[in-house]
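**Q** Task: produce atomic coordinates for the following.
(2 chains)
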Amino acid sequence: MAKQTLDQKLAILSDAAKYDASCASSGSTKRDSRDGKGLGSNEGSGICHAYAPDGRCISLLKILMTNFCIYDCSYCINRVSSNVDRARFSVDEVVKLTIEFYRRNYIEGLFLSSGVIRSPDATMSDMVQIARKLRHEENFRGYIHLKTIPDASPELIEEAGRLADRLSINVELPTDSAVQQYAPEKKPEQIRRAMANVRMVKDAGKEKSYTGKRPPRFAPAGQSTQMIIGADGSNDATVLGQSTRLYSSYKLKRVYYSAFSPIPDSSAKLPLIRPPLQREHRLYQADWLLRFYDFQLDEITSVTRDGNLDLEVDPKLAWALVHREHFPLDVNRASREMLLRVPGFGVKTVNRILAARRHRALRYEDLTRMGASMKKARAFVTAGGWTPGGLTDSADLRARFAPPPEQLTLF
Amino acid sequence: MHRVSLPPIGTAKAWREAARGFLAAGVPPEQILWGDHSAAPDLFGGESAAPSGGKVSVPRSFISMAETAVWHSDPERFARLYAFLWRVKDAPHLMSDRGDADLAVLRGMEKNVRRCQHKMKAFVRFREIGDPNAPRRSFAAWFEPTHHTVEPTADFFVRRFSDMDWRILTPDVSAIFENGKLTFQEGHAKPDLPEDAGEQLWITYFQNIFNPARLMVKAMQSEMPKKYWKNMPEAAFIPQMIAEAPARARAMAEAAPTLPPVRMDRVQAQLSAFSSAWDGPMEELPVAIRACTRCPLHCHATQAVPGEGPARADLMVVGEQPGDQEDLAGRPFVGPAGQMFDRVAAEAGLDREAAFVTNAVKHFKFTARGKRRIHQRPETPEIDQCRWWMNAEVAQVQPKLILAMGATAAQSLTGKGAGILKRRGTIEAGPEGIPVLITLHPSYLLRVPDPRVREEAEAQFRSDLAMAARMMAEAA
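**A** Residues are numbered from 1 along each chain as shown, chains lettered A, B, ... in the order given. Next comes the predicted model:
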């Protein structure tokens, strides 16, 4: 085989990496290179340097170190039984690509993942070497996200955490039995132990020693994970149950939901489907309600028919339509907790309402200016100059929000 | 009537000083005409300077809003800011009333400028204009912002790229950073920047990170509006990527599953060495070992040689692999190296009969040269495959100490085979945490040509065996 050029390797190894949804570069420590001795900065909020026509942000150089892999996970393009082209970057090639892209302001940093080659430890130690070289030889102060290999030794994962801003380990599928079925070599209990270990090391990093010195920072942007949606038969209640367990047990920053996407050279064990993008979107909405709007899991799932979120209306609206006894709310008197439950009101809008109503009574036009989506909210609130009358309890309220029936399109 | 014209560079500071002067002097908004440098001066018929100095206090949140909104491209921005400032000086709570119509407009301007700043941080594309090997590299970009965002955003690029020279040229204001110093210049014509080698790689990346099965053009355009495309090298390929996506997605769905590549069997055998464990009944273990075909060594050897000794033993002795004699006899430690071991063990007071003896690799690896078989050292894949049997034997024998003789045994039991001469005589952790005493392999003693070195090595080997004997005596 002819030797692959850097361009050919990049094509293969970025194509292989695109099924990982995460591209966040936010939430890490603030740092810069104003001193002229290094390259890069991190300002807390992430930056998306480009968008691909799939609507996804490109913030990091998201590549695999290699797409050779000894595992045979049915949903994965890189599984051992697939006939895709294979390639492997050297340590220096990844370092060079990262630095040169960064200097041209293409990226915020590196998101490095890898197929498992030889052994989990061997793979992980190559990845750690790349991060070490970026940090210590190139003085790189941009963002680094490392996908950790669950079976790698704890010492390697600890070093990875000291070098990287974020670590992640994919749980892959919502249930253990689905993992056993479609990713036979992966062990869910091992994945959970690895996440637990990351959390423990991170927690330990917060405690000062008796001399008052802090241990070195460990993955300041936290850990995240990804679940593939629609490959197995799990319903949304199962998926959200799993993610609440993960958020609470391992203090994850994010759980990413990735609609099972067609891959080249698919496995006979897992027929391709049209990616359930709307379902993915609804899961993210529900995830936000759980984390920022004080919703409980059973509140969201109890208003679904078969444990799956309503695809036609968002989960907050679905809840409000079933619980109309709480509405309409008076925006000038209602509590913060209840305002957060109004469809069309976001956290920012609610904060603005609370700040402004200390000085005067709010009218309908004020709410529009404050950023509320009144098309949704007006059936559920009263304000100066506005009362929804019979709208709140009208039988066709749902139909006003649900999209008109559409002819099915062929895949 | 007061007339003020603000400069394009340092606009925020100039507005703030002028506004402070007017406010301190009590000049109401309707008596001031604000203009920027683009307004023709004779339109106002001459200028009258703003009253300078004076002390006024306004909410901090107003200052931070004004310092952003002042960079908006709307010519009304200065007047709107001052008009709201005039109201806010008597009613500071207005700043927290997002329902106020004037504030809503200003907050909207602030948001637009912030968004424009954010897009500038994201979409500026540098090209290298200097020598890539120079100690201080040099880059330039052409960018067309919607608002006057270069000055308030330049510091971001200083924080990020201070170890290189860079310039961001725009039709409005340009930022130039050279040798650690930032300066601003007014307007530039679009320069002809040289081709950049990094750009092709970036385009390759952009095309391949795109998933054609999830086409969402609207989502892309709402975050990356078309007005920015002309200065982004990757954007030229977007129409083609969109056009080809449905066919690519269809092709993936229609492609029939293929047969796995030939490499798969080999890889999965390797994988099973890491993951599974032998779980048959213990008395069948020797039979199972003899039938082993886990690695290609079985093709040439006579037979696999399982360990020997009491079913449960406190001491387990592990050698490298069967030699010529062992391969023929099917029993471990019967060749010259085994005899050497027996002799030194007896001298060191080690009870050979009470120990379970076995090898890290169960098949003999050799090359045939003429009429002789020349021993070859097993390689890592073979050791890894055979560790499966090693672990099964350890699980059965349950030793309190394992004596690892030579590099192969050390690698199988501790994962590391290098540096035996330094490691000998020390205890390391083995499978299931069982202590492993590292020592030399007896065949090494047979091969050393220099008699003095050989004697020394034999003494070391003897002392290690004596140490094992002592530990056994203590454990008993």
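**Q** can you give me the strands for chain B?
**A** Ranges of strands within chain B are B:2-6, B:32-36, B:127-128, B:138-142, B:165-169, B:173-178, B:181-186, B:315-319, B:356-359, B:366-369, B:372-375, B:401-405, B:427-429, B:435-439, based on DSSP state E.
**Q** Relative to the fifth one, what are the paired strands and their orientations?
**A** Going back to what we said before, that points to strand B:165-169. Take DSSP bridges as the rule and strand B:165-169 pairs in its sheet with strand B:138-142 (parallel), strand B:173-178 (antiparallel).
**Q** Could you tell me the angle between that strand and strand B:181-186?
**A** Interaxial angle of strand B:165-169 relative to strand B:181-186 (axes from the mean of the first three to the mean of the last three Cα atoms, to 10 degrees): 20 degrees.
**Q** for strand B:165-169, what is the average pLDDT?
**A** Per-region confidence: strand B:165-169 scores 96 on mean pLDDT.
**Q** do the same with the second one
**A** What strand B:32-36 shows for mean pLDDT is 89.
**Q** What is it packed up against?
**A** strand B:2-6, helix B:41-44, helix B:77-88 (3 or more Cβ pairs under 8 Å, 6 or more residues apart in numbering or on different chains; DSSP states H and E). The C-beta positions use only the backbone N, C-alpha and C, and glycine is treated the same way.
**Q** Of all the ones you listed, which one comes closest to chain A?
**A** helix B:77-88 (12.9 Å; Cβ to the nearest Cβ).
**Q** Please spell out which residues along that closest one are buried.
**A** Within helix B:77-88, the residues that qualify as buried are B:77, B:78, B:79, B:80, B:81, B:82, B:83, B:84, B:85, B:86, B:88, counting by 16 or more other Cβ atoms under 10 Å in any protein chain shown.
**Q** same question, stretch B:325-337
**A** For stretch B:325-337, the neighbour count (16+ other Cβ under 10 Å) marks B:325, B:326, B:327, B:328, B:331, B:332, B:333, B:334, B:335, B:337 as buried.
**Q** excluding its backbone neighbours, what's nearest the residue of the stretch 201-350 of chain B found nearest chain A?
**A** For the stretch 201-350 of chain B, the residue closest to chain A is residue B:219, as judged by Cβ to the nearest Cβ, at 2.9 Å. Leaving aside its sequence neighbours, residue B:219 sits nearest to residue A:55 (Cβ to Cβ, 6 or more residues apart in numbering or on different chains; 2.9 Å).
**Q** list the contacts for the one you found?
**A** B:214, B:216, B:217, B:218, B:219, B:220, B:223 (Cβ atoms under 8 Å, 6 or more residues apart in numbering or on different chains).
**Q** Turn those into JSON lines, columns for distance to residue A:107 and neighbour count.
**A** What follows is the contacts of residue A:55, written out as JSON lines (distance: Cβ to Cβ, whole Å; neighbours: other Cβ atoms under 10 Å in any protein chain shown):
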{"residue": "B:214", "distance to residue A:107": "21", "neighbour count": "23"}
{"residue": "B:216", "distance to residue A:107": "21", "neighbour count": "16"}
{"residue": "B:217", "distance to residue A:107": "23", "neighbour count": "15"}
{"residue": "B:218", "distance to residue A:107": "24", "neighbour count": "9"}
{"residue": "B:219", "distance to residue A:107": "20", "neighbour count": "17"}
{"residue": "B:220", "distance to residue A:107": "17", "neighbour count": "21"}
{"residue": "B:223", "distance to residue A:107": "16", "neighbour count": "15"}
